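K.L.:
structural data only, the sequence is not supplied:
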């Protein structure tokens, strides 16, 4: 098991390197290069630009620059400073990470609870009206674009019914309260989770229907196990294995979805930080976030693989 | 969204010894050619029959056709100019004159939605075409040659699957000049969405290449390229069609998301995502600006998903019926 884990984690490293190298190379292709913002500044003369380029090493070959950047990242955990605010990039990310983790966590809990229970109910009531309603709703759920869902729920819950606040994490000018914070959290979390509620319940339904038609379920019934015991102890446990790996594989998508959700709801997380960086052409910040995002996604994939390995011994021993 | 497609597990990697097995040939099947699974007349009839038997798919088919027709004939059907700014007609509520209302610059939203469909659908289709070409090439070569080529290409697929796609596309689109950003987005979607197609094609090619007609083709001295293109790849049409339909939905969602954030299609060009760019500011007073373009994205994606689901079922039934 341990060797499996090590081999998998080693495979992650080239990926993170490749993605960051490509982004780094693209950054150099921007008109004006990474110092583009300064070139456009009329207060900065051509001599100064040349000096800045030389100081930052922008005039050296891309691979050399990338090597220098990577060395700083690996040895000192230093992603450089933002061109726009002058802050260290790592500190900016570190400040925003908790908000993103909170939003993702809330969305994950919602998706896990509603998704799996919806799937179980649909599978138990297979081919009834109830099942077809759930299937239709989940079909709509996997098709709705996150940003439009965000706009529409804002239109209904904030503008029309005035039930929930639509932006930020807390109300301004009011002392902090947990209830107020949760009221801010609920709409972005629901919007972000709907896609996953829908898709996980479809997986769960398919997997459980498959398990319920197996012979060992008939055996369990025949030996007189109660209905709930058959469903929950025998069927759901086995049906959950493939669904759990799907869930783990979906975690990166949850992270990606948070960019759009955070942008719409002005949720001060990493997605919002990235979007601001795009608008202000803050390339050191973007590089830092993409590097960390691809490392995070690789890590999540690694967890998915490991879960698969733990749950299904065939995967572990096949290699 | 692999859960809508039938699961096609990649078969074992080792090759069977390549001997021409002596078997009785099915009397109705010409052993030298792949089973004609599409294009034959009987298939088309059973296809439309199946479509009529499934009301949901039928509805999706009709809605999708209407959306496509609206996009194709948009210039002929618009009573207003899509880009003409009319400050006397700002923020009009939906009415008979303007079925979807007008936007902040007095442009008719219905006309812009139809024109937006041209852009959004074209970008989606082009992106999927790119993905299709890359996916079929990688999957076909990988499945046919096996060995180290297969290993390298499949590692590439694993690598691509772990790329934070949305971050990277946004980053590249923000670097590109505003004039070319939509082309860049389109290509980037194609470059990042081909892996599903490649896996499906590889799986089908691996199972099909062991059939007698492939051995026959090889013994006739046909070059690999011809065997792959004419004898093996036609078998992949059914699963690839399903994957491409799902991929189209995905491409439309990605493109509109990026245009919504302001890095794809640039105003005043209408696309469904770009039309929603400023809609957030008008949510309280003119919700129709936000409702209709998004509704079109939603409808198109729903139709794609339903049709992919239906195609998957129908094609596997047709295939099992012809065997």
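P.N.:
It's in. Keep in mind that what you see is a predicted model, and the values were worked out from it rather than measured.

K.L.:
look up which helix or strand the most centrally placed residue in chain B falls in, please.
P.N.:
Centroid check for chain B by C-alpha atoms, centre = their mean gives residue B:248 as the closest residue, at 2.8 Å. Using DSSP states H and E, residue B:248 maps to helix B:237-260.

K.L.:
what average pLDDT does that helix get?
P.N.:
Per-residue pLDDT values over helix B:237-260 give a mean of 92.

K.L.:
what of stretch A:206-216?
P.N.:
91.

K.L.:
what of stretch A:77-95?
P.N.:
For stretch A:77-95, the per-residue pLDDT averages 85.

K.L.:
and what of stretch B:147-160?
P.N.:
Mean predicted confidence for stretch B:147-160 is 87.

K.L.:
so which bits of the stretch 201-319 of chain A are right by chain B?
P.N.:
A:202-203, A:206, A:246, A:252, A:255-256, A:259-260, A:263-264, A:274-275, A:278-279, A:281, A:286, A:289-290, A:293-294, A:297-298, A:301 (C-beta under 8 Å from any C-beta of the partner chain). Where C-beta positions appear, they are placed from N, C-alpha and C, glycine not excepted.

K.L.:
which among the residues you listed count as buried?
P.N.:
Using 16 or more other C-beta atoms under 10 Å in any protein chain shown as the burial test, these include A:202-203, A:206, A:246, A:252, A:255-256, A:259-260, A:263-264, A:274-275, A:278, A:281, A:286, A:289-290, A:293-294, A:297-298, A:301 as buried.

K.L.:
now do the same contact list for the residue of the stretch 101-250 of chain A found nearest chain B.
P.N.:
Residue nearest to chain B within the stretch 101-250 of chain A: residue A:148 (3.3 Å; C-beta to the nearest C-beta). Shown in contact with residue A:148 (C-beta atoms under 8 Å, 6 or more residues apart in numbering or on different chains): B:276, B:290, B:294-295, B:297-298.

K.L.:
just to revisit the earlier point, helices - which of the buried ones among the residues of the stretch 201-319 of chain A next to chain B land there?
P.N.:
A:202-203, A:206, A:246, A:252, A:255-256, A:259-260, A:263-264, A:274-275, A:278, A:286, A:289-290, A:293-294, A:297-298, A:301 (DSSP state H).

K.L.:
residue B:286 against residue B:101, yeah?
P.N.:
Yes: Residue B:286 is within contact range of residue B:101, at 6.8 Å (criterion: C-beta atoms under 8 Å).

K.L.:
spit out the residues that contact these two alike.
P.N.:
Common neighbours of residue B:286 and residue B:101 (C-beta under 8 Å, 6+ apart) are B:91, B:93.

K.L.:
distance of residue A:29 from residue A:279?
P.N.:
19 Å (C-beta to C-beta, to the nearest Å).

K.L.:
now do residue B:258
P.N.:
Distance of residue B:258 to residue A:279, computed by C-beta to C-beta: 14 Å.

K.L.:
ditto for residue A:136
P.N.:
Distance from residue A:136 to residue A:279, by C-beta to C-beta: 39 Å.

K.L.:
can you tell me which residues contact the residue nearest to the centre of chain B?
P.N.:
Taking C-beta under 8 Å, 6+ apart, we find residue B:248 in contact with B:124-125, B:128, B:304.

K.L.:
near chain A, which of these show up?
P.N.:
Okay, of the contacts of residue B:248 touching chain A (C-beta under 8 Å from any C-beta), that's residue B:304.

K.L.:
phi first, then psi, for residue B:102.
P.N.:
Main-chain dihedrals, residue B:102, degrees, to the nearest 10: phi -130, psi 160.

K.L.:
in the stretch 51-200 of chain B, which spans are strands?
P.N.:
Using DSSP state E, counting those that start in this stretch, no strands are assigned anywhere in the stretch 51-200 of chain B.

K.L.:
near chain A, which residues of it? Just list them.
P.N.:
So the stretch 51-200 of chain B meets chain A at B:158-159, B:161-168, B:170-172, B:174-175, B:177 (C-beta under 8 Å from any C-beta).

K.L.:
go with 7 Å
P.N.:
Within the stretch 51-200 of chain B, the residues that sit near chain A (C-beta under 7 Å from any C-beta of the partner chain) are B:159, B:162-164, B:166-168, B:170-172, B:174-175.

K.L.:
ok, for residue B:238, nearest residue in space, not its chain neighbours?
P.N.:
The shortest distance from residue B:238 to any non-neighbouring residue, by C-beta to C-beta, 6 or more residues apart in numbering or on different chains, is to residue B:315 (4.0 Å).

K.L.:
tell me the secondary structure for the one you found?
P.N.:
Following DSSP: H, G, I helix; E, B strand; the rest coil, residue B:315 is assigned to helix.

K.L.:
any stretches of chain B with poor pLDDT?
P.N.:
Low-confidence segments of chain B (pLDDT under 70): B:1-46, B:319-323.

K.L.:
can you tell me the residue of it closest to chain A?
P.N.:
The nearest approach of chain B to chain A comes at residue B:294, 3.3 Å away (C-beta to the nearest C-beta).

K.L.:
check the gap between the residue lying closest to that residue once chain neighbours are set aside and residue A:255 for me.
P.N.:
Nearest non-adjacent residue to residue B:294, counting by C-beta to C-beta, 6+ apart: residue A:148, 3.3 Å away. Taking C-beta to C-beta as the measure, residue A:148 falls 20 Å from residue A:255.

K.L.:
would the residue of the stretch 101-250 of chain A closest to chain B count as being in a helix?
P.N.:
Yes: counting by three-state DSSP, residue A:148 is part of a helix.

K.L.:
can you check the pLDDT for it?
P.N.:
For residue A:148, pLDDT reads 94.

K.L.:
picking up where we left off before, what count of nearby residues applies to the residue nearest to residue B:238?
P.N.:
21 (other C-beta atoms under 10 Å in any protein chain shown).

K.L.:
near chain B, which residues of the stretch 1-150 of chain A? Just list them.
P.N.:
Checking the stretch 1-150 of chain A against chain B by C-beta under 7 Å from any C-beta, the hits are A:15, A:18-19, A:23, A:26, A:29-30, A:139-140, A:142-145, A:147-148.

K.L.:
what about the helices in chain B?
P.N.:
Using DSSP H, helices in chain B cover B:41-53, B:55-72, B:74-77, B:109-145, B:147-161, B:165-175, B:181-192, B:195-208, B:212-219, B:224-226, B:237-260, B:272-275, B:288-322.

K.L.:
reformat those helices as CSV; add distance to residue A:73.
P.N.:
Output for the helices of chain B, formatted as CSV (distance: least, C-beta to C-beta, whole Å):
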stretch, distance to residue A:73
helix B:41-53, 55
helix B:55-72, 46
helix B:74-77, 49
helix B:109-145, 31
helix B:147-161, 20
helix B:165-175, 17
helix B:181-192, 24
helix B:195-208, 28
helix B:212-219, 50
helix B:224-226, 45
helix B:237-260, 27
helix B:272-275, 34
helix B:288-322, 38
